[in-house]
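K.L.:
Build me a model from this:
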Amino acid sequence: ATSQVLYLVPEIGLTSNLQILLEDYFPSYEIGIYNSIQTPLSRAKTWLNVSTGKTKIILGTRMAIFLPLPNLQLIIVDEEHDTSFKQSEGFRYSARDLAVYRANDLKIKIILGSATPSLESWVQTRRNKYTYLNLKNRASGQLLPKLIISQKSSHSYENGISEDTLKILNQHINAGQQALLYLNKKGWAPVLSCLECNWSAKCKNCSVNLVLHKNKVDFLLCHFCGYKELPAQFCKFCGSNRLRLLGIGTEQLEHKISRIMPAARIMRIDKQLVKKKKEFDDCLRKIENGDVDIIIGTQILTKGHDFTKVTLVIALEIESYLKHPDFRASERLFQSLLQVSGRAGRHPKQSKNYQEPVFITEVLDPDNDFLKDLSSANYIEFAEKLITERKTWNLPPFINLATINLTHSNEVILRRETNRILEEMTNLIPNSEKSTVKFSGPLKVFPERVSKKYRSRILLEADARADLHRTINTIKATIMNTKVNTIIDVDPIDF
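P.N.:
Residues are numbered from 1 along each chain as shown. Have a look, this model is predicted:
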């Protein structure tokens, strides 16, 4: 066979296990790997082998979409909803959207795989642009985990989880099974604050709180620019020594769980701790070999991993994400929770003491509307509800968006240039087009300042994509000559 297949995954961490699976299924084919952690020489070899048609199956991250594949017959985009397929720095592109374009151009098949499809893709199935194939059962034939929405107790704050959750955790560990504790917050505590005046430790380069980490010595770290400093002993505003830590991160959760379950073998996995692919692969190997009882991790563990012995997943501190101003916040939270819950009970019972798979989330308000939707575990129902909302408020996927993102070290210059561009856009865009392309700004960006640069944003909206691109081309040709750093992002994923 001369045909080539391109298999795209959102994270480098997913390639190792998938490579093994593909090699087992297709022993006579070499699997080409293409991602950013390879050496330039290794990438060049893959490039040459695929460009000549020698390599038939290519497994890669978003950058692999640009590989020259003369005999390409099929593209698979795994976890197509994942925002990692969008390159949001430098040269901006969506690998998923490029994959759809490339397949359409070549008139070949493309499979977009996801248990929680993006609303953009789901709307395309409703418009009959995409064919919807529903896998009604898990690949292993196992039932989905039972969902428990538990109210936080004083025990939760003291020990990381409530007494009821601890009881279930012990049952699963004592049965020789594994548990995954999902907390998407790195570090020990997200905020160091003063009880007297509410001062909090902030980054000197960014308008964000510094996160406390404990690694031999305590230090405060900015998760945006990497700035570090030692924790203050006194408030830098009022001088009080009444400082407190607010919130919990994976480091503190690991400490609390190890204190109440001293015999448990605990492994914490987050990008702060596991920085290299080899380290991550070693962690996955230990989990698969049963050398770990409890896995504590962030978003890195929600995507596509097949843990044989995990039967309990506990999601913590999820409500803060619903307060995010991004209109996609609830969609992404629902996706990440369903994805991480899917790590539980993927394989058949392994002992007579087997505990049925369970997914627990601990919250302050169990009656929250979002949690009522989550309790049904029916993503399509939830997606339909969101689609109705998006249509009402004229949000994507029912409108096309682009942003003009401006940055400068001087806030006054940034504000002046943003207003100048807005004024010139008002004069530049013909009245005949103002009804088809709307623009607004300057919009607030969070964080407002990153790496000593203030940030501002102008939003463009258009019903028709052609109108949006025509306006963008006009702007680029005439008013992009500015003193501030300016980047246009079409179909932005973060607000």
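K.L.:
Give me the pLDDT value at the spatially most central residue of the chain.
P.N.:
Nearest to the centroid of the C-alpha atoms of the chain, with distances taken as C-alpha atoms, centre = their mean, sits Thr83, at 5.8 Å. We note a pLDDT of 94 for Thr83 in this prediction.
K.L.:
Ok, Thr474 next?
P.N.:
Reported pLDDT for Thr474: 87.
K.L.:
part of a strand, is it?
P.N.:
No. Assessed with DSSP: H, G, I helix; E, B strand; the rest coil, Thr474 is helix; it does not lie in a strand.
K.L.:
Could you find the closest non-adjacent residue to it?
P.N.:
Leu428 (6.4 Å; C-beta to C-beta, 6 or more residues apart in numbering). C-betas here are computed from N, CA, C, even on glycine.
K.L.:
if I look at that neighbour, how far off is Lys483?
P.N.:
18 Å (C-beta to C-beta, to the nearest Å).
K.L.:
and if you look at Ile31?
P.N.:
Counting by C-beta to C-beta, the gap from Ile31 to Lys483 is 49 Å.
K.L.:
One more: Leu220?
P.N.:
Counting by C-beta to C-beta - Leu220 and Lys483 are separated by 33 Å.
K.L.:
Tell me which of the two has more neighbours.
P.N.:
Legend: neighbour count by other C-beta atoms under 10 Å for Leu220 and Lys483, higher for Leu220 (22 against 13).
K.L.:
Pairing partners for the more buried one in the sheet, please.
P.N.:
Leu212, Glu229 (DSSP bridges).
K.L.:
residues in contact with it?
P.N.:
192, 201, 210-213, 228-231 (C-beta atoms under 8 Å, 6 or more residues apart in numbering).
K.L.:
any chance of the residues you listed in CSV, plus distance to Tyr130?
P.N.:
As requested, those are exported to CSV (distance: C-beta to C-beta, whole Å):
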residue, distance to Tyr130
Leu192, 48
Ala201, 48
Leu210, 44
Val211, 40
Leu212, 46
His213, 44
Lys228, 47
Glu229, 50
Leu230, 53
Pro231, 51
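K.L.:
Now the buried members of these.
P.N.:
192, 201, 210-213, 231 (16 or more other C-beta atoms under 10 Å).
K.L.:
which one among those residues gets closest to Thr392?
P.N.:
Among the buried ones among the contacts of Leu220, Val211 lies closest to Thr392 (C-beta to C-beta), at 37.2 Å.
K.L.:
and the residue nearest to Thr474, what does it touch?
P.N.:
Applying C-beta under 8 Å, 6+ apart, the residues near Leu428 are 474-475, 478-479.
K.L.:
Emit the PyMOL select command for whichever of the residues you listed are buried.
P.N.:
Buried members of those can be picked out in PyMOL with the line below, counting by 16+ other C-beta under 10 Å:
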select buried, resi 474+475+479
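K.L.:
mind listing the strands for the stretch 51-200 of the chain?
P.N.:
Ranges of strands in the stretch 51-200 of the chain, per DSSP state E, counting those that start in this stretch, are 57-60, 72-78, 86-87, 93-94, 109-113, 146-151, 178-182, 191-194.
K.L.:
between those strands, which gets nearest to Leu253?
P.N.:
Using C-beta to C-beta, the nearest of the strands of the stretch 51-200 of the chain to Leu253 is strand 178-182, at 6.5 Å.
K.L.:
Direction included, what does the closest one pair against?
P.N.:
strand 294-297 (parallel), strand 310-316 (parallel).
K.L.:
avg pLDDT for the last one?
P.N.:
Okay, so that is strand 310-316. Strand 310-316 comes out at a mean pLDDT of 96.
K.L.:
relative orientation of it and strand 146-151 in degrees?
P.N.:
Strand 310-316 and strand 146-151 meet at an angle of 30 degrees, taking axes from the mean of the first three to the mean of the last three C-alpha atoms, to 10 degrees as the criterion.
K.L.:
right, and the helix or strand after strand 310-316?
P.N.:
helix 329-341 (DSSP states H and E).
K.L.:
Can I get stretch 359-378 as CSV, trimmed to CA atoms?
P.N.:
What follows is stretch 359-378, C-alpha atoms only, in CSV (Å, rounded to 0.1, in the frame of the first residue of the first chain):
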residue,chain,number,x,y,z
PHE,A,359,-16.3,10.0,39.7
ILE,A,360,-16.5,12.5,42.6
THR,A,361,-16.4,16.2,42.5
GLU,A,362,-16.4,18.3,45.7
VAL,A,363,-18.1,21.7,45.5
LEU,A,364,-19.4,24.5,47.7
ASP,A,365,-22.8,24.6,45.9
PRO,A,366,-24.1,21.2,44.7
ASP,A,367,-27.3,22.9,43.4
ASN,A,368,-25.4,25.0,40.8
ASP,A,369,-27.1,24.8,37.4
PHE,A,370,-23.8,23.7,35.7
LEU,A,371,-23.5,20.7,38.2
LYS,A,372,-27.1,19.7,37.4
ASP,A,373,-26.1,19.5,33.8
LEU,A,374,-23.0,17.6,34.7
SER,A,375,-24.9,15.1,36.8
SER,A,376,-26.6,13.8,33.6
ALA,A,377,-23.1,13.2,32.1
ASN,A,378,-24.8,13.9,28.7
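K.L.:
tell me the average confidence for that stretch?
P.N.:
Mean predicted confidence for stretch 359-378 is 91.
K.L.:
On the three-state scheme, the closest residue to Trp199 other than its chain neighbours is what?
P.N.:
Excluding the flanking residues, the one nearest Trp199 by C-beta to C-beta, 6+ apart is Phe237, at 4.0 Å. The three-state assignment at Phe237 reads coil, by three-state DSSP.
K.L.:
Would you check that Phe237 makes contact with Ser193?
P.N.:
No. In this structure Phe237 lies outside contact range of Ser193 using C-beta atoms under 8 Å: 10.8 Å.
K.L.:
joint contacts of the two?
P.N.:
In contact with both Phe237 and Ser193: Trp199, using C-beta under 8 Å, 6+ apart.
K.L.:
who has more neighbours, the two?
P.N.:
Neighbour comparison, Phe237 and Ser193: the larger count goes to Ser193, with 19 against 12 (by other C-beta under 10 Å).
K.L.:
Give me the distance between Lys56 and Ile65.
P.N.:
Relative to Ile65, and taking C-beta to C-beta, Lys56 is found at 17 Å.
K.L.:
quick one: which of these two has more around it?
P.N.:
Taking neighbours as other C-beta under 10 Å, Lys56 and Ile65 compare with Ile65 leading, 24 against 21.
K.L.:
shouldn't the more buried one be in contact with Val100?
P.N.:
No. Applying C-beta under 8 Å, one finds Ile65 not in contact with Val100, separated by 10.3 Å.
K.L.:
my read is Leu401 is in a helix, agree?
P.N.:
No. The assignment for Leu401, made by three-state DSSP, is strand rather than a helix.
K.L.:
so what's the residue lying closest to it once chain neighbours are set aside scoring on pLDDT?
P.N.:
Excluding its sequence neighbours, the residue lying closest to Leu401 (C-beta to C-beta, 6+ apart) is Glu461, at 5.8 Å. Note on Glu461: pLDDT of 95.
K.L.:
In three-state terms, label Glu461 for me.
P.N.:
strand.
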